[in-house]
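[1] Okay, predicted coordinates and the sequence, questions at the end:
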Amino acid sequence: MGKIARRTLDIAMAVLTLILMGGNGLFYSALGDLFDGALDSGLIHEILGVVLFILWMVHIFWNRAWIKGVLNGKYNALRTVQTVINAGVIVCVLFLIVSGVMLSNHVFSWLGIESGASFARNAHMLASHWYLVFVSLHIGLHLSMFIKDRVAMGIVAALGAYGIYAFITRGLWKYLTLQQPFFFLDLEHGYLLFALDYIAIMALFAMVMHFVMMAMVKYSR
């Protein structure tokens, strides 16, 4: 498959990740007025979640050669880190789809799952935030493939620096450690700031992984 198709898929997955991080409340806050309260934010969240899962299946299929080679060859530090990160993404995706199905009030409601809601909510919130971290690290592994211009890389680095502030003020560390029992969507300053903060957080982890990978490559020579 061509590079354009692969890059388009990667961008679509990143955008959907950002949108879904807003939870159900994002769609109600951003679009509810346009539909005069008739918009079912939960349904949209579930549909987009299924779409993201399908895109992941396509992504995995296109990169099936990597999966087949996991048990082959020797492992150095860099390959070990890459494997752990990729495995982390896959585990989070699986937890998200399973917990999402358990919590579904629309797309999968026909399954009639009525038990385990408390576990599913905690698992979904925990997996979604660790998913954001692992996906960002995954992007960092391939950042030099996406961004070759020094100015663009500098912009990403600046975003990453702001991401430290966003990570703290948005309280993501609480979600990653389950110290926050429920997801709080703060749209007091609008959706654009919410999106910027989460883009910056993704840039933060991507840049950290990028520099770690560069150091590994340098000192492994």
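    Alright, I've got the coordinates. Residues are numbered from 1 along each chain as shown.
[2] mind checking how far stretch 133-144 is from the chain centre?
    10 Å (Cα atoms, centre = their mean, to the nearest Å).
[3] got the CA coordinates for that stretch in CSV?
    Provided in CSV are the C-alpha atoms of stretch 133-144 (Å, rounded to 0.1, in the frame of the first residue of the first chain):
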residue,chain,number,x,y,z
VAL,A,133,0.5,7.7,26.0
PHE,A,134,1.4,4.6,24.1
VAL,A,135,0.1,6.0,20.8
SER,A,136,2.1,9.2,21.4
LEU,A,137,5.3,7.1,22.1
HIS,A,138,4.5,5.1,19.0
ILE,A,139,4.3,8.3,16.9
GLY,A,140,7.7,9.3,18.5
LEU,A,141,9.3,6.1,17.1
HIS,A,142,8.4,7.3,13.6
LEU,A,143,8.5,11.1,14.1
SER,A,144,11.5,11.6,11.8
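[4] could you give the mean pLDDT of that stretch?
    Mean per-residue pLDDT for stretch 133-144: 92.
[5] Likewise for stretch 62-77?
    Rounded mean pLDDT across stretch 62-77 is 86.
[6] How far does that stretch stretch from one end to the other?
    Length of stretch 62-77, first residue to last, Cα to Cα, to the nearest Å: 25 Å.
[7] Adjust the sequence numbering to begin at 19 for everything that follows.
    In the new numbering, first residue 19, that becomes stretch 80-95.
[8] so where do the helices sit in this protein?
    Secondary structure of the chain (DSSP state H): helices at 21-38, 41-49, 59-80, 82-86, 95-121, 135-159, 161-164, 168-187, 190-194, 209-237.
[9] hey, least reliable of these by pLDDT?
    Of all the helices of the chain, the minimum mean pLDDT falls on helix 41-49 (a mean of 59).
[10] As CSV, the helices of the chain with distance to residue 128 and mean neighbour count would be great.
    C-beta: built from backbone N, CA, C; applies to glycine. Listed next are the helices of the chain as CSV, based on distance: least, Cβ to Cβ, whole Å; neighbours: other Cβ atoms under 10 Å:
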stretch, distance to residue 128, mean neighbour count
helix 21-38, 22, 15
helix 41-49, 20, 18
helix 59-80, 13, 16
helix 82-86, 31, 10
helix 95-121, 11, 17
helix 135-159, 17, 19
helix 161-164, 40, 14
helix 168-187, 39, 15
helix 190-194, 30, 16
helix 209-237, 32, 18
